[in-house]
Structures are given as structure tokens and as C-alpha cells.
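> mind looking at a prediction? Sequence and model below.
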Amino acid sequence: MSVHEQFADDILLYALGELTSGQRAELEKHLERCVDCRHELEQLRGDMALLALSATGAEPPSRSRERFMSAIAKEPRRAQLVQRPQPQRSAWWRPFEWGLGAAAAIVIVLLLHQNANLHRQIAGLAADSAAQQQQLTEAKDMMASLTSADAEHFILVASKTPPQPQGKAIYVRRSGTLVFLANNMPPLPPAKAYELWLIPAKGAPIPAGVFKPGASGNATVINPPLPAGIEAKTFAITVEPEAGSAAPTSQPVMVATQS
Ligand SMILES: [Zn+2]
């Protein structure tokens with residue numbers, strides 16, 4: 001047995017930081033003059049660094065893992081074989097020392113497992129986030145679709161009741177914002193259009209948009225140019241020339257009652 005083998009166990013414990021100060025001094029003295037043992041220490045430290053790197057997700061080279069793990073596994077056997085003149089140390093101390101080395105190895109293995117669990121959790125969270133993003137995108141698509149010009153509106157009424165023309169105006173006086181939706185509007189004579197009127201509490205009707213219903217009788221007027229702050233008594237619809245009129249030229253075909 002060479003002198004290096006006598007120190008082989010201590011090199012691993014040294015690398016794990018598990019040597020007592022006395023043992024450390026003794027080993028460091030040997031390392032100063034032994035290239036082989038210095039090389040062995042460098043290799044072990046390299047292996048440990050690679051194992052630590054693997055905690056950030058990279059797979060350590062299996063050669064390093066095997067060499068490191070076999071170095072740990074070999075420890076107890078060496079303990080029995082090595083006959084070291086160590087008058088200052090009692091025999092019961094050695095197994096305890098190996099225990100420390102093994103404990104350090106177990107801690108490393110546990111940390112690697114914990115890290116793998118964290119990676120799985122992160123992957124899970126990323127999947128949740130992607131699912132939520134997908135739902136948000138779907139909701140946005142649905143909103144865009146429902147508010148698009150080609151969205152069809154279906155009104156369900158009791159059977160045998162002919163579908164009635166229906167208009168709904170949503171008006172915000174403060175900002176002069178108006179949204180108007182109409183269903184089941186009767187077809188218009190040629191070159192005519194419906195015109196929406198804001199009937200103020202005081203004064204003449206204010207033009208609030210010209211519209212022609214589609215084939216299904218639906219129509220939408222969104223934010224026609226209106227002065228802000230006008231108090232609306234009601235809204236009305238007349239049939240006007242296609243270009244619209246500045247003032248109603250016919251009797252209203254529909255008049256709103258505020259809901
Ligand atoms: Zn040596």
C-alpha cells in the first residue's frame with residue numbers, strides 16, 4: 001500500500017470540508033509535496049463542482065458522478081484496510097468520521113432531489129400560466145367576434161308572434177357616448193335610410209346617425225358625433241334620404257321609452 005492510498009480517504013473528507021483541523025494540517029502538509037494527491041483532490045473538487053452544477057439543471061457527466069459516488073462508497077472499506085499510525089486518535093473515532101462523509105454525500109443527494117422537485121414545480125407553474133394566457137386569448141377573440149360587424153343577433157320570442165322591430169340605445173350624457181342596436185328592422189324603400197335622433201329635453205332633434213339594416217334586419221350605430229352634456233328626453237327613428245337629414249322629414253317609425 002502506497003502512502004497516497006493512506007491519504008485517499010482524507011482527500012475526500014477534505015474536499016467535503018469534514019476533516020478536523022489536525023487532520024487537515026496533516027493532509028495539507030502531504031499535499032504540498034505530493035503531486036498525485038493534489039491531482040486526486042482537484043479531480044474530486046471538479047466532480048463536486050459538476051454535481052453542484054447539475055443542481056442548476058444541467059446533467060453532470062456520468063463519469064464524474066460515478067467516480068464521485070464510488071469514492072464515497074469505497075470509504076468504509078478503506079477504513080478497515082488502512083493501518084495508520086495515529087496515536088492521537090482512538091479507534092471509535094473513525095466510523096464517526098466516515099459517518100460525516102456519508103452524511104455530506106446524503107445531503108448532496110437530497111439537494112439534487114429537492115432541485116429536481118423544484119424544476120418540476122416550475123414546469124407546472126409555467127404550464128398553468130400558459131393555460132391562463134390561452135383562456136385570456138380565447139376570451140379576447142370571443143369579445144372581438146361578438147362585437148364585429150358580421151355578428152348576427154337572434155332574438156327569441158314566443159312562437160306565432162311575428163318578430164317585432166326593436167332598438168336599444170345606450171347613452172352616456174357626460175361624454176356624449178351613444179351605442180345603438182336594432183333588430184328586425186323592416187326593409188327600406190330604395191334610396192332611403194333610417195336616421196336615429198336624439199330628442200333633447202329642450203330644443204330640436206339632434207341627428208344621431210344614419211343606418212341601413214342588413215339582410216337579417218340588424219343594425220348598429222356606435223358613437224355618432226354628438227355634443228357632450230345634452231340631456232336626452234328620448235330617441236326616435238325616421239326614414240330619411242340615404243345621406244340623412246339635418247331635421248326629421250317624416251313621422252318617427254320608432255320612439256324609445258327609457259328603460
Ligand atoms: Zn500523496
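Great, that's in hand.

> how is Ala193 assigned, secondary-structure-wise?
strand (DSSP: H, G, I helix; E, B strand; the rest coil).

> who does it bridge with?
On the basis of DSSP bridges, Ala193 is bridged to Glu240.

> what sits against it?
By Cβ atoms under 8 Å, 6 or more residues apart in numbering, the contact list for Ala193 reads 210-212, 239-244. For every residue, glycine as well, the C-beta is placed using N, CA and C.

> please repeat the previous calculation with a cut-off of 7 Å.
Residues near Ala193 by Cβ atoms under 7 Å, 6 or more residues apart in numbering: 210-212, 240, 242, 244.

> one more: Met185?
Contacts for Met185 were tallied using Cβ under 7 Å, 6+ apart; they are 165, 194, 213, 217, 219.

> buried ones among these?
Buried subset of those (neighbour count, 16 or more other Cβ atoms under 10 Å): 194, 213, 217, 219.

> hmm, Glu28 and Arg38 touching each other?
No: at 10.4 Å, Arg38 does not count as touching Glu28 under the criterion of Cβ atoms under 7 Å.

> about what we covered before: ok, so of the buried ones among the contacts of Met185, who is nearest the ion?
When the buried ones among the contacts of Met185 are compared for distance to the ion (Cβ to the ion), Ala219 wins out at 94.5 Å.

> next one: phi and psi at that closest one?
phi -150, psi 160 (degrees, to the nearest 10).

> residues from the stretch 1-150 of the chain in reach of the ion?
Residues of the stretch 1-150 of the chain that fall close to the ion, judged by Cβ under 5 Å from the ion: 4, 34, 36-37.

> rewinding a little: for Arg38 and Glu28, indicate the residue with more neighbours.
Legend: neighbour count by other Cβ atoms under 10 Å for Arg38 and Glu28, higher for Arg38 (14 against 11).

> so which strand or helix has the closest residue to Ile206 other than its chain neighbours?
What sits nearest to Ile206 in space, not counting adjacent residues and going by Cβ to Cβ, 6 or more residues apart in numbering, is Leu198, at 4.4 Å. Here Leu198 sits within strand 192-200, counting by DSSP states H and E.

> check contacts around Gln133.
With Cβ under 7 Å, 6+ apart, Gln133 has no contacts at all.

> before we move on, what SS does it have?
helix.

> before we move on, what about Gly217?
Three-state call for Gly217 (three-state DSSP): coil.

> do Ala246 as well
At Ala246 the chain is in coil, as set by three-state DSSP.

> next one: phi and psi at it?
Main-chain dihedrals, Ala246, degrees, to the nearest 10: phi -80, psi -30.

> now it, nearest residue through space, not along the chain?
Nearest residue to Ala246 in three dimensions, chain neighbours excluded: Pro207, at 6.5 Å (Cβ to Cβ, 6+ apart).
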